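> Coordinates for the following, if possible.
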Amino acid sequence: MKLLLLAGTSEARRLAGALAEIPGIDVIASLAGVTREPLDLPVPMRSGGFGGRDAFRKYLQDQGFDAVVDGTHPFAQIISKRCYEVAQELDIPHLQILRPAWVPEAGDLWTFIDDESEAAQHIPQGATVFLATGRQTLHRFDNLTGRQIICRQIETSEGEFPFEGGEYLIGRPPFSVEEEVELFTRRKVDWLVVKNAGGMLSRTKLVAARQLKIPVLLINRPPLLPCNRVETDKAALDWVRGLL
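The predicted model follows:
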C-alpha cells in the first residue's frame, strides 16, 4: 500500500515512525515548507505546496496513492478541505487526525473569538500582547494599534515586523511552564492570544497564563469537515492497518 501522509504535527510525526516499521506500506510524508529546517521524519519526505487543487489531484493519481492521512495543523483549513474533497473525487480512503481542542479549567481567564480581527475589541490600548499564533496570520492583527505586540515564531523572519508597535521573538518549542512563566513575567505580558490547536506540548503557555492570571484570547477552530476522523496517532495507525 502506498500512503500519503500530510504531516506537520507531533501526531503525524509519531504515526510516520510507526508506519516506517510496518512492512508493505510505502509512506511519503509531505510538509508545507513553512519551516525552513523541519524535524526529520523516518520516511521519505517532500516539502512545499502542490500548486493548487488540480496539481494535488494529479500528484495523487500519478503517484498511485492508495490512501491519504491528513495530519496537518488543526488550522490548516485550506489544505485539509482540498485533501478531503480530492480524495473523495478519486475514491481514495481518507482520514484526518484532529487532536481534541483545549477546554478551560478552574482559574483560566479565557475568551473565545472566531477571527483574529476581533482581538482589538477585547484588548485595551497600551497592553502588551503575546501572540502565539505564528506569522502566517499576523496581518490579521494589524488593527491592534496602540498595543505592544510580541509575536513568537520558530525562525528569523525575512523583513521587518509588518505593522507598528510589534516585534518578533524567536524560539523553538517545546517550552516548559517555568520557561513560559519567566518569559511572560520578564516581558510584562498583559494578554495572550493563541489558536485553539490543542495538544499537551503547547498547552504550557496556557498553564503559565493561568498561574500569572493573564487573560487569554483563544481563536476557535475552523468548521469540521464531514470526513473520517480520529484524535490520536494510535487510532490513525489502527485505521491504516485496517486497510491492509
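> Show me which residues of the longest helix anywhere in the chain are buried.
Using DSSP state H to define each element, the chain has its longest helix at helix 77-90. Buried residues in helix 77-90, defined by neighbour count with 16 or more other C-beta atoms under 10 Å: I79, S80, K81, R82, C83, Y84, E85, V86, A87. From N, CA and C alone the C-beta is placed, and that goes for glycine too.
> Is it possible to get TSV of these that adds pLDDT and distance to L183?
Converted to TSV, those look like this (pLDDT from 0 to 100; distance: C-beta to C-beta, whole Å):
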residue	pLDDT	distance to L183
I79	94	31
S80	97	31
K81	97	35
R82	96	36
C83	97	35
Y84	98	37
E85	97	41
V86	98	41
A87	98	41
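> Return the member of those nearest to M45.
I79 (16.1 Å; C-beta to C-beta).
> contacting residues for that closest one?
The contact partners of I79, by C-beta atoms under 8 Å, 6 or more residues apart in numbering, come to L6, A32, D70, T72.
> Find the nearest non-adjacent residue to the most centrally placed residue in the chain, please.
Nearest to the geometric centre of the chain sits H73, at 3.2 Å (C-alpha atoms, centre = their mean). Leaving aside its sequence neighbours, H73 sits nearest to G8 (C-beta to C-beta, 6 or more residues apart in numbering; 5.6 Å).
> Give the helix, strand or coil label for the one you found.
Three-state call for G8 (DSSP: H, G, I helix; E, B strand; the rest coil): coil.
> Report the rounded mean pLDDT for the host helix or strand of V194.
Assigned by DSSP states H and E, V194 belongs to strand 191-195. Averaging pLDDT along strand 191-195 gives 98.
> Need the residues that contact it.
74-75, 116, 119, 122-123, 127-134, 141, 184, 205-206, 209, 214-219, 221.
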